[in-house]
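# curious how this folds, go ahead:
(chains A, B, C and D)
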There are 2 protein chains.
Amino acid sequence: MTEAPPDIKEKILTFMESNGMRITSQRKAIIDAAFSTTDHYTAEELLDRARTMDSSVSRATIYRTLPVLVKTGLLRELDLGKDQMHYDPNYATHPNHNHLICNNCGKIIEFEDHCLDVRENVLVKNMGFRPGNVQLRIQGNCEELETKGTCSRREKE
Amino acid sequence: MTEAPPDIKEKILTFMESNGMRITSQRKAIIDAAFSTTDHYTAEELLDRARTMDSSVSRATIYRTLPVLVKTGLLRELDLGKDQMHYDPNYATHPNHNHLICNNCGKIIEFEDHCLDVRENVLVKNMGFRPGNVQLRIQGNCEELETKGTCSRREKE
DNA sequence: TAGTTAATGTGTATCTTTATCTTTTTTATT
DNA sequence: AATAAAAAAGATAAAGATACACATTAACTA
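Now for the predicted structure:
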């Protein structure tokens, strides 16, 4: 896939227009690069992908555009505890998913749980807050690791 | 308070000794600075505090010592989504606490919930993982904000 | 289609964290 | 105590991610 899903593209372009932003070829390339995958990526990786669609995209424009995409609510900033920020394009389809990170092999498993969502919501409201971005990140180890010495597990969602 | 609680200090010094590390005046100052507060801090803030106890402490030593304190399990790395890493000295007394961050005033509320802990544990084990560091960070807004225009709330735990 | 103005790319700056290197300090051994 | 060996210290430079400045280009508006 080299294009973003039409509904997502539509929403973002509408958001930009209604905020008086111009639709440039670079922004279109970045949107396509950002939403034509379900994998997480860094700013640098997004730059590479966007450049395959429009070689004129610069690093600065990537860094300027990413916060815009996050503001639309369709892309999520994802703090994996690494040096760079990561971005997660699965927010639109799975707004409440969490991340399980293997300390050893670095693999990331996404998971959802309605119980957690509900409980988090109740707690936050009881403390007088209106919840926004909820990020649950669990670092641990594949149990396979202990017996086999490597982690082979790879799952999405 | 300008000294770390005796039991914490004891544990860390024991940890260092058993790992063949030397007990230097700088390390003692850093330990005292790190555990004589319940507030979160950055490396830079810890440097300032440690220097009031031993002016010879350098930035490099702060950065070299922080990972050691984290390894003892008594200090937790805390990702608040800011540029710098934060550190949370409340891990010893509240090993499973979570963080609620007001997007507007930046205030941070710590909270614990046994239900969340249990549910998280079950889920992670079902996915074949041995859980390690669990970090739940919720960004939101004080509800007071809507009516009063400012957030005054300030809570610990 | 011309004018306005936001957005772009390039290069540079900044900020946090890490690495290097030389000197100092700690601990073990006479 | 004196000394030797090793670890840790400070100072400084380097690295890496992100933000900024500014001159140029291109998107929208009338």
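# quick one: the strands in chain A?
With strands called from DSSP state E, chain A shows them at A:41-42, A:76-78, A:86-88, A:98-102, A:108-111, A:129-142.
# and residue A:32, how far from residue A:58?
Distance of residue A:32 to residue A:58, computed by C-beta to C-beta, to the nearest Å: 16 Å. For glycine as for every other residue, the C-beta is placed from the backbone atoms N, C-alpha and C.
# show me which of those two is the more surrounded one.
Shown here are residue A:32 and residue A:58; by other C-beta atoms under 10 Å in any protein chain shown, residue A:32 has more neighbours (20 against 12).
# next up, the contacts around residue A:139.
Contacts for residue A:139 (C-beta atoms under 8 Å, 6 or more residues apart in numbering or on different chains) come out as A:81, A:101, A:102, A:103, B:132, B:133, B:134, B:135.
# closest to DNA strand C out of those?
residue A:81 (11.0 Å; C-beta to the nearest atom of the strand).
# got phi/psi on the residue lying closest to residue A:123 once chain neighbours are set aside?
Distances taken as C-beta to C-beta, 6 or more residues apart in numbering or on different chains place residue B:113 nearest to residue A:123, at 5.7 Å, with adjacent residues excluded. When read as degrees, to the nearest 10, the backbone of residue B:113 gives phi -160, psi 120.
# what does residue A:112 give?
Note on residue A:112: backbone dihedrals following degrees, to the nearest 10 are phi -120, psi 150.
# identify the residues contacting it.
Residues in contact with residue A:112 (C-beta under 8 Å, 6+ apart) are A:94, A:96, A:97, A:98, A:157.
# what about 6 Å?
Residue A:112 makes contact with A:96, A:97, according to C-beta atoms under 6 Å, 6 or more residues apart in numbering or on different chains.
# DNA strand C versus that one, what's the distance?
Distance of residue A:112 to DNA strand C, computed by C-beta to the nearest atom of the strand, to the nearest Å: 31 Å.
# spatially nearest residue to residue A:13 (excluding sequence neighbours)?
Here the residue nearest residue A:13, using C-beta to C-beta, 6+ apart, is residue A:23, at 6.1 Å.
# do you know how far that neighbour is from residue A:16?
With C-beta to C-beta as the criterion, residue A:23 and residue A:16 are 6 Å apart.
# does residue A:84 touch residue A:42 like I think?
Yes. Applying C-beta atoms under 6 Å, one finds residue A:84 in contact with residue A:42, separated by 4.7 Å.
# compare those two and say which is more crowded by neighbours.
Remark: of residue A:84 and residue A:42, residue A:42 carries more neighbours, 17 against 12, as counted by other C-beta under 10 Å.
# isn't that one up against residue A:83?
No. Using C-beta under 6 Å as the test, residue A:42 is too far from residue A:83 to be in contact (9.3 Å).
# circling back to that earlier point, of residue A:23 and residue A:16, who's got more company?
Shown here are residue A:23 and residue A:16; by other C-beta under 10 Å, residue A:16 has more neighbours (19 against 12).
# which residues touch the residue most central in space within chain A?
The centre of chain A sits closest to residue A:88, judged by C-alpha atoms, centre = their mean, with a distance of 0.9 Å. For residue A:88, the residues meeting the contact criterion (C-beta under 6 Å, 6+ apart) are A:40, A:76, A:78.
# show me the helices in chain A, by range?
For chain A, applying DSSP state H gives helices covering A:6-18, A:25-35, A:43-53, A:59-72, A:114-126, A:144-148.
# who touches the second one?
I take that to be helix A:25-35. With C-beta under 6 Å, 6+ apart as the test, helix A:25-35 has contacts from A:3-4, A:8-9, A:12, A:46, A:49-50, A:53-54, A:57, A:61, A:65, A:69, A:89.
# remind me which residues of chain A are low pLDDT?
A:1, A:143-157 (pLDDT under 70).
# which parts of it sit against DNA strand D?
Proximity of chain A to DNA strand D (C-beta under 7 Å from any atom of the strand) is limited to residues A:22-25, A:42-44, A:59-60, A:63, A:83-85.
# hmm, back to that, in TSV: the contacts of residue A:139, plus neighbour count and distance to residue A:109.
Shown next, in TSV, are the contacts of residue A:139 (neighbours: other C-beta atoms under 10 Å in any protein chain shown; distance: C-beta to C-beta, whole Å):
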residue	neighbour count	distance to residue A:109
A:81	14	15
A:101	21	8
A:102	20	8
A:103	16	13
B:132	13	14
B:133	14	15
B:134	18	14
B:135	17	16
